[in-house]
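Novice: Okay, predicted coordinates and the sequence, questions at the end:
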Amino acid sequence: MKVALLAFSVRGAMGQYLEALVPPLSEYLNLTLFVPEHFKEAVPTKVVRFPSGTSKAETLKRFLDLGQARALWRKILSEKPDRLYLFNGEGYPWALLLSRWATEEGIPLFLTLHDPDPHPGNVWEAANALLRRWVVPLATSVHVHSHVFVDKARQLGARDVVVIPHGSFADRFLRHAKPNVQREEDLVLFFGRLEAYKGVDVLVRAILALGGRRRALIAGPGRLPLILREAMREHPSWFEVHNRYVPDEEAALFFQRASVLVLPYRQATQSSLPLIGAAFGLAVVASAVGAFVEDVPRVGGILVPPNNPEALAQALLPLEPHKDQKERAFGEVLLELSFDALAPRFFAWLVGRGGV
């Protein structure tokens, strides 16, 4: 079967996801990957790159260009695909056009709904959420990562919904682990882009409530909340902050140093972080939101009420769970959630044999 896999967003975790999924999936399908020109990862399949702009303004201008959408569609048609798999960007302007053209050509449309609920405060996601209402109902089948989002996908007009959990790309970080790195028992790690919905301020309040019994390592680009800037001035030894893009090599070091991975989100869909943290042997503490309610217990982690610094502080107080407990918890899901194991499920879905 020939499948055209189209991804409009390939930066950050989206690019990591593609890099992990495409190689094993290409063993089952004749796969052609259509991606923006800045996707540089090497994958064992045909890659067709299209210009998408170097800034948000330029990107928006291109995605409003009907002629360039037609040019991309001609490239997709030239591959004579049996399926069009829209990996992300279901609310991009081109997605509205391509989904219509696929329907007219009789090419079944499959799509992955990464964020059934858009993250608050993100204008691009809000626009994507608005426009996708014309795309989702055209899909033959829609993939979500957790059972908690099945009803939401149906509310958006999905006719058929398949659940395939988020796979692990912890290996891309584990390969950079260094020997003899000392784990710091009082250090908790927040890793990723700093966004308001991720509750960095909730973590800061929890650390302040603990009075120095736990320290926080906060790493990632984005805007530092005022409470964190003030706390750093008053208690510099309690907070280690790397407010920038963190390469994989340095991220691996952070995961080796910390004892707990903390995800104090106010809202979430799913994340690769619980599996990465568990792979490094960290305890995982997260808010009970989104797919975390399935993903975190799966690796022996702890869930706390969202937006509750007191509950988060109490969850951070115990030392990390017994090592054998964590290894057993992660060992049970390591093979199940590898992309090698998940690829047959994607294949079954795309050929019409998948199910919830």
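Specialist: Yep, it's here.

Novice: Show me the shaky parts of the chain.
Specialist: 319-332, 353-356 (pLDDT under 70).

Novice: What is the longest strand of this protein by residue count?
Specialist: Under DSSP state E, the strand in the chain containing the largest number of residues is strand 30-36.

Novice: Pull out the buried positions in that strand.
Specialist: By 16 or more other CB atoms under 10 Å, the buried positions in strand 30-36 come out as 31-36. Bear in mind the C-beta positions are built from the backbone N, C-alpha and C, glycine included.

Novice: Is residue 59 in contact with residue 52, as I believe?
Specialist: Yes - counting by CB atoms under 8 Å, residue 59 does reach residue 52; the two are 5.5 Å apart.

Novice: Any idea what residue 219 is bridged to?
Specialist: residue 191, residue 242 (DSSP bridges).

Novice: For residue 303, see how far away it is.
Specialist: Counting by CB to CB, to the nearest Å, the separation of residue 219 from residue 303 is 23 Å.

Novice: what do you get for residue 271?
Specialist: Taking CB to CB, one finds residue 271 at 14 Å from residue 303.

Novice: Show me what the helix or strand that the longest strand of the chain is followed by is in contact with.
Specialist: Heading C-terminal from strand 30-36, the first helix or strand you meet, by DSSP states H and E, is strand 46-50. For strand 46-50, the external contacting residues (CB atoms under 8 Å, 6 or more residues apart in numbering) are 31-37, 39, 68, 71-72, 75, 79.

Novice: Name the strands paired with strand 46-50 and say parallel or antiparallel.
Specialist: Partners of strand 46-50 in its sheet, by DSSP bridges: strand 30-36 (parallel).

Novice: Rebuild the contacts of strand 46-50 as TSV, extending it with distance to residue 169.
Specialist: Listed next are the contacts of strand 46-50 as TSV, based on distance: CB to CB, whole Å:
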residue	distance to residue 169
31	18
32	22
33	17
34	21
35	17
36	20
37	23
39	16
68	31
71	32
72	27
75	28
79	27
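
Novice: out of those residues, who's nearest residue 346?
Specialist: residue 31 (10.4 Å; CB to CB).

Novice: who does the closest one bridge with?
Specialist: If you apply DSSP bridges, the partners that residue 31 bridges to are residue 3.

Novice: before we move on, back to that, which residues are in contact with both of residue 271 and residue 303?
Specialist: residue 292.

Novice: between those two, who's got more neighbours?
Specialist: Taking neighbours as other CB atoms under 10 Å, residue 271 and residue 303 compare with residue 271 leading, 22 against 19.

Novice: and the residue nearest to residue 333 when sequence neighbours are not counted, how far is that from residue 114?
Specialist: Using CB to CB, 6 or more residues apart in numbering and skipping residues adjacent in sequence, the residue nearest residue 333 is residue 298, 5.4 Å away. Distance, residue 298 to residue 114, using CB to CB: 19 Å.

Novice: more crowded one of the two?
Specialist: residue 114 (21 against 18).

Novice: so which helix or strand takes in that one?
Specialist: Assigned by DSSP H and E, residue 114 belongs to no helix or strand.

Novice: What is the burial count for the nearest residue to it once chain neighbours are set aside?
Specialist: Nearest-residue entry for residue 114: residue 88, 5.7 Å, with adjacent residues in sequence omitted and distances by CB to CB, 6+ apart. Close neighbours of residue 88, defined as other CB under 10 Å, add up to 21.

Novice: go on, residue 25?
Specialist: 25.

Novice: list the contacts for the residue lying closest to it once chain neighbours are set aside?
Specialist: When the adjacent residues along the chain are set aside, residue 25 lies closest to residue 343, with 4.8 Å between them (CB to CB, 6+ apart). Each residue near residue 343 by CB under 8 Å, 6+ apart is listed here: 21, 24-25, 27-28.

Novice: quick one: contacts for the nearest residue to residue 169 once chain neighbours are set aside?
Specialist: With sequence-adjacent residues excluded and distances taken as CB to CB, 6+ apart, residue 169 is closest to residue 20, at 4.2 Å. Applying CB under 8 Å, 6+ apart to residue 20 gives the contacts 167, 169, 172, 339.
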